[in-house]
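>>> just to be clear, the model below is a prediction. Sequence and coordinates:
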Amino acid sequence: MGWFAGTQTRSTITEIELDGDRLVQPVRLVVHHYITYDGEGVARIYRSRLVDLSSDRKT
């Protein structure tokens, strides 16, 4: 369960293999970051969104 921009989100992870409390293989996250600029042109990430979570090797 996680929190994002004031909303509660849940997801079930069934593809990730564990050996006790350790991962069998690395987990890959795909995250989209949304950027905003202030009046002086300084950029900052104002929102991030988890798009994908898998243990597949993608090249």
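Ah, there it is.

>>> distance of Asp52 from Leu29?
For Asp52, the distance to Leu29 equals 7 Å [CB to CB, to the nearest Å]. All C-beta spots, glycine's among them, are computed from the backbone N, C-alpha and C.

>>> same check on Asp21?
According to CB to CB, Asp21 stands 19 Å off from Leu29.

>>> next one: Arg22
Distance from Arg22 to Leu29, by CB to CB: 18 Å.

>>> so for the longest strand that the chain contains, mean pLDDT?
Longest strand in the chain by number of residues (criterion: DSSP state E): strand 43-54. The predicted model assigns strand 43-54 a mean pLDDT of 87.

>>> would you list the strands that it pairs with, along with their directions?
In the sheet, strand 43-54 lines up against strand 28-37 (antiparallel) (DSSP bridges).

>>> what average pLDDT does the partner strand get?
91.

>>> one step back: higher neighbour count, Asp21 and Leu29?
Comparing Asp21 with Leu29 by other CB atoms under 10 Å, the one with more neighbours is Leu29, at 9 against 5.

>>> can you tell me, leaving aside adjacent residues, what's nearest to that one?
Excluding its sequence neighbours, the residue lying closest to Leu29 (CB to CB, 6 or more residues apart in numbering) is Leu53, at 5.8 Å.
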